[in-house]
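Predicted model follows, preceded by the sequence.
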Amino acid sequence: MNYAGYKPDDKRFKDIMIDSSMLGVEGTADYLIELIQRKFG
């Protein structure tokens, strides 16, 4: 189904939202670094 004008798996429309209040700015940055390293090596 196509509600938003694009297909759900279209990578051009992928975003990430993180509430940094739990980890703080540095902790959130560290989390993102870890996530990227695990995904891309």
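Okay, I see it.

pLDDT score for the residue minimising distance to the centre of the chain?
In the chain, the centroid-proximal residue (CA atoms, centre = their mean) is residue 16; its distance is 3.0 Å. As summarised for this prediction, residue 16 has a pLDDT of 79.

now swap in the one 3 residues further on and tell me
On pLDDT, residue 19 comes in at 89.

Mind listing residues that contact the strand or helix carrying residue 36?
Secondary structure assignment for residue 36, by DSSP states H and E: helix 24-40. Residues outside helix 24-40 that contact it (CB atoms under 8 Å, 6 or more residues apart in numbering) are 18, 20, 23. (C-beta placed from N, C-alpha, C; glycine too.)

ok, of these, which come out buried?
The neighbour-count test (16 or more other CB atoms under 10 Å) applied to these identifies nothing as buried.

Would you convert those residues into JSON lines that also reports distance to residue 12?
What follows is the contacts of helix 24-40, written out as JSON lines (distance: CB to CB, whole Å):
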{"residue": "18", "distance to residue 12": "20"}
{"residue": "20", "distance to residue 12": "25"}
{"residue": "23", "distance to residue 12": "28"}
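
Sounds good, over and out.
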